[in-house]
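# Any chance you could fold what I've pasted below:
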Amino acid sequence: MIQRAIISGGGTGGHIFPAISIAEALQRRYPQIDILFIGAEGRMEMQRVPQAGFRIKGLHIRGLDRKRIWRNVGVLKDFLRALVAARDIIREFQPEVVIGVGGYASAPTLKAAQSLGIPTLIQEQNSYAGVTNKFLARRATKICVAYPEMERFFPKDKIVLTGNPIRPAIEQLSASRAEALEYFRLPADTERVVLVVGGSLGARSINEAIGARLQEWEQSGAALIWQTGTGFADKAQQLLAGYRFPVYCAPFIQRMDLAYTLADVVVSRAGASAISELCHLGKPTILVPSPNVAEDHQTKNALALSTRGAAILVTDAEAHDVLTPKALALLADAPQRQSLSTEIKKLALTEAADRIVDELEKLVP
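Next up is the predicted model:
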């Protein structure tokens, strides 16, 4: 029985949502469990975790500066101080297990737990392992992955293929189409919907690709649900002012379950969490990987699908010219949508959070 657990990591929605899903799965299994998150000060997890009803403590830590190497002297000092702080938190909390989901805070937290002899579990979400998880792998007790063939990064005997946890509302997807249309203020007779989402912070190339060709969207007869992120929200509203077609445009979509309920085609970045949701739901998808991520892991995620005929890959550089035409062509091509849906669903690994909890149970006597 697990009575206390620490979960560490975050930085983006792609890390935070799986971490919260693991915490919720632990609570379902052990209603009396005490869970503490450890995150990085100033990062997204410091707001999102409390919103989900969990406690979190922050470490002063930042990532490596790959462009200005000399600045990493300060990064190393921050890491050492964070290591001491994490060790103090762990000693006071006394968890039976410590879980890392990637992100800045995972490295000092799991390193401290390993030095104290506490079992650690790594959850690697991407098809290409991140620096933090590779750094922690040698002394990790168990490594849960979402893609096959991860032994090129991790010790084979520690790997368990579990998939990525997804948000319960999306895993169950119980809303009706009528409810979703009403929520997004779309006409009740709407037949075809494209969902465009660039991650929790938005995606400039995707936004500009959509905004530059709104006339084609208007002529298509399709409805558009467009998550812009905060940085492009005002610009998107200005661009839309001259058009009249069914569109819902917002910086952030709170009810992604309702958006997925309506979506006939999804345009998305290629973060691990988003891909896991799309696989589970079997949505015909165009992936536009962000080029601004460590080790270009989003392109590797997208290739893991596109090479299997499970998604269409559009590079960030070509998005401006081809994204809108490809999205509208896919929307009009029912056989291709069906083929993509069939193939992407083959890659889904369901009940991932519960599978991870199964592995955690094996670590506690």
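# Figure out the helix or strand that Lys77 lives in.
According to DSSP states H and E, Lys77 maps onto helix 72-93.
# Show me what that helix is in contact with.
Helix 72-93 is contacted by residues 4, 6, 8, 34, 36, 38, 57, 59-65, 98, 105, 107-109, 111-113, 115-116, 118 when judged by CB atoms under 8 Å, 6 or more residues apart in numbering. The C-beta positions use only the backbone N, C-alpha and C, and glycine is treated the same way.
# Report the backbone C-alpha coordinates of it in PDB.
Presented in PDB, the C-alpha positions along helix 72-93 are these (Å, rounded to 0.1, in the frame of the first residue of the first chain):
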ATOM      1  CA  ASN A  72      25.500  27.000 -17.500                       C
ATOM      2  CA  VAL A  73      27.800  27.700 -14.600                       C
ATOM      3  CA  GLY A  74      24.800  29.500 -12.900                       C
ATOM      4  CA  VAL A  75      22.500  26.600 -14.000                       C
ATOM      5  CA  LEU A  76      24.800  24.100 -12.300                       C
ATOM      6  CA  LYS A  77      24.800  26.200  -9.100                       C
ATOM      7  CA  ASP A  78      21.000  26.300  -9.200                       C
ATOM      8  CA  PHE A  79      20.800  22.600  -9.700                       C
ATOM      9  CA  LEU A  80      23.000  21.900  -6.700                       C
ATOM     10  CA  ARG A  81      21.000  24.200  -4.500                       C
ATOM     11  CA  ALA A  82      17.800  22.600  -5.800                       C
ATOM     12  CA  LEU A  83      19.200  19.200  -5.000                       C
ATOM     13  CA  VAL A  84      19.700  20.100  -1.400                       C
ATOM     14  CA  ALA A  85      16.200  21.600  -1.200                       C
ATOM     15  CA  ALA A  86      14.700  18.500  -2.800                       C
ATOM     16  CA  ARG A  87      16.500  16.300  -0.300                       C
ATOM     17  CA  ASP A  88      15.100  18.300   2.600                       C
ATOM     18  CA  ILE A  89      11.600  18.100   1.200                       C
ATOM     19  CA  ILE A  90      11.800  14.400   0.700                       C
ATOM     20  CA  ARG A  91      13.200  13.700   4.200                       C
ATOM     21  CA  GLU A  92      10.400  15.700   5.700                       C
ATOM     22  CA  PHE A  93       7.600  14.200   3.600                       C
END
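# now that helix, how far from the chain's geometric center?
Centroid separation for helix 72-93 versus its chain: 26 Å, with CA atoms, centre = their mean, to the nearest Å.
# which strands and helices sit next to the next helix or strand after it?
Going down the chain from helix 72-93, the next helix or strand is strand 97-100, by DSSP H and E. Contact partners of strand 97-100 among helices and strands, from 3 or more CB pairs under 8 Å, 6 or more residues apart in numbering; DSSP states H and E: strand 4-8, helix 106-115, strand 120-124, helix 131-136, helix 352-363.
# at 7 Å what do you get?
Packing partners of strand 97-100 (3 or more CB pairs under 7 Å, 6 or more residues apart in numbering; DSSP states H and E): strand 4-8, helix 106-115, strand 120-124.
# The residue lying farthest from the centre of the chain sits in which helix or strand?
In terms of distance from the mean C-alpha position of the chain, Gly242 ranks first, at 33.8 Å (CA atoms, centre = their mean). Secondary structure assignment for Gly242, by DSSP H and E: no helix or strand.
# mind listing what it touches?
Contacts for Gly242 (CB atoms under 7 Å, 6 or more residues apart in numbering) come out as none.
# May I see the buried residues of the helix holding Lys77?
Asn72, Asp78, Phe79, Ala82, Leu83, Ala85, Ala86, Arg87, Ile89, Ile90, Phe93 (16 or more other CB atoms under 10 Å).
# for stretch 15-33, same thing?
Buried residues in stretch 15-33 (16+ other CB under 10 Å): 15-26, 29-30, 33.
# Just the closest of those to Tyr248, please.
Nearest to Tyr248, judged by CB to CB, of the buried residues of stretch 15-33 is Phe17 at 21.7 Å.
# Out of the buried residues of helix 72-93, name the two that are farthest from one another.
Greatest spatial distance among the buried residues of helix 72-93 (CB to CB): Asn72 and Phe93, at 29.8 Å.
# for this protein, what's the longest strand?
Longest strand in the chain, counting residues (DSSP state E): strand 34-40.
# Show me the contact partners of the next helix-or-strand element following that strand.
As assigned by DSSP H and E, the chain's next helix or strand after strand 34-40 is helix 45-51. By CB under 7 Å, 6+ apart, the surrounding residues in contact with helix 45-51 are Gly10, Gly11, Ile16, Ile20, Phe37, Gly39, Ile56, Gly58.
# quick one: the third one and Arg43 touch, right?
Yep, that's Ile16 we're talking about. No. Between Ile16 and Arg43 there is no contact under CB atoms under 7 Å: 9.0 Å.
# returning to that earlier point: and the pLDDT for the residue farthest from the centre of the chain?
At Gly242, the model reports a pLDDT of 84.
# For it, give its distance to Pro335.
Per CB to CB, to the nearest Å, Gly242 is found 35 Å from Pro335.
# What are the buried residues along the one helix or strand in the chain whose mean pLDDT sits lowest?
Every helix and strand of the chain was ranked by mean pLDDT, DSSP states H and E. The lowest is helix 168-172, at a mean of 82. Using 16+ other CB under 10 Å as the test for burial, helix 168-172 gives Ile170, Glu171.
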